[in-house]
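Peer 1: With the input below, show me the fold.
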Amino acid sequence: MLELLSDPQAWAALATLTALEIVLGIDNIVFISVLVARLPPEKADTARKLGLALAFVFRIILLLGLTWIMGLTAPVLTILGNELSWRDLILIFGGLFLIAKAVHEIHAEVEAREHHEEEKSATQAAFGIVLAQIVVVDLVFSLDSIITAIGMAQDVEVMIAAVVIAMIVMYISSGPVASFIARHPTTKMLALAFLVLIGVALVADGFAYHIPRGYIYTAMVFAGFVEAFNIIASRNRRRALKDRYEDSAKQK
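Peer 2: Below you'll find the model as predicted:
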């Protein structure tokens, strides 16, 4: 352990792996933020914290079971000429679940204006369901994250340190992200579209067709900038209308 502190390669691996874990954790944060947005504020905060705590626990448990994790990469099934391992199957079904959930949430957002009261009463009892969905997606993202870590670092200590640092960053940033998505419905739709893309990427990974995450993140960052301009423009329009109304009221 002490030898790693003086090893430049270990520090380089830690920096690289931490950055990668933070990027991979963005998917986790967005999904949790979208799910808890449907809960009452006091329950939403609890669900968000529990979801992140479970994500951290799952990652550490998976790291400590490296032998078992490596066994998940052995082929167990062949479909249409593709040899699939347990890891591939988990990514495929996890990606399909993510796509289905994101599409369901998009549909709910589109129909929300007509069923607001109905939806409000349903969300009061949805805490357990939301938490169960967070657990499922935490497992999928944790498995993807840890297998990536195994391929990039040789020392378990370095992997655990990278995961701990990444989870601290996720925990700090999750609150502001969740609040922002809750305050701006249009960004929630953008986040759901992002989750559909991530779900497609997970399914593709399961079939050994890797879609570089850089393409997805670049597109979403661009869309995020466009959405930021929309929010600023909308705020300025509301302010201009308010000023115009106040001026007309003074003239009367």
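Peer 1: Over stretch 128-138, what's the mean pLDDT, rounded is fine.
Peer 2: Across stretch 128-138, the average pLDDT comes to 79.
Peer 1: For that stretch, what is the distance to the chain centroid?
Peer 2: 12 Å (CA atoms, centre = their mean, to the nearest Å).
Peer 1: Check which residues of that stretch are buried.
Peer 2: Judged by neighbour count (16 or more other CB atoms under 10 Å), stretch 128-138 contains these buried residues: 130-131, 133-134, 137-138. In this view, the C-beta of every residue, glycine as well, is placed from N, C-alpha and C.
Peer 1: Same check on stretch 9-18?
Peer 2: Buried residues in stretch 9-18 (16+ other CB under 10 Å): 10, 13-14, 17-18.
Peer 1: In PDB, list the C-alpha atoms belonging to that stretch.
Peer 2: What follows is stretch 9-18, C-alpha atoms only, in PDB (Å, rounded to 0.1, in the frame of the first residue of the first chain):
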ATOM      1  CA  GLN A   9       2.100   5.200 -12.500                       C
ATOM      2  CA  ALA A  10      -0.300   4.500  -9.600                       C
ATOM      3  CA  TRP A  11      -1.100   8.300  -9.300                       C
ATOM      4  CA  ALA A  12      -1.500   8.500 -13.100                       C
ATOM      5  CA  ALA A  13      -3.900   5.500 -13.000                       C
ATOM      6  CA  LEU A  14      -5.800   7.100 -10.100                       C
ATOM      7  CA  ALA A  15      -6.200  10.400 -11.900                       C
ATOM      8  CA  THR A  16      -7.300   8.800 -15.200                       C
ATOM      9  CA  LEU A  17      -9.700   6.300 -13.500                       C
ATOM     10  CA  THR A  18     -11.200   8.900 -11.200                       C
END
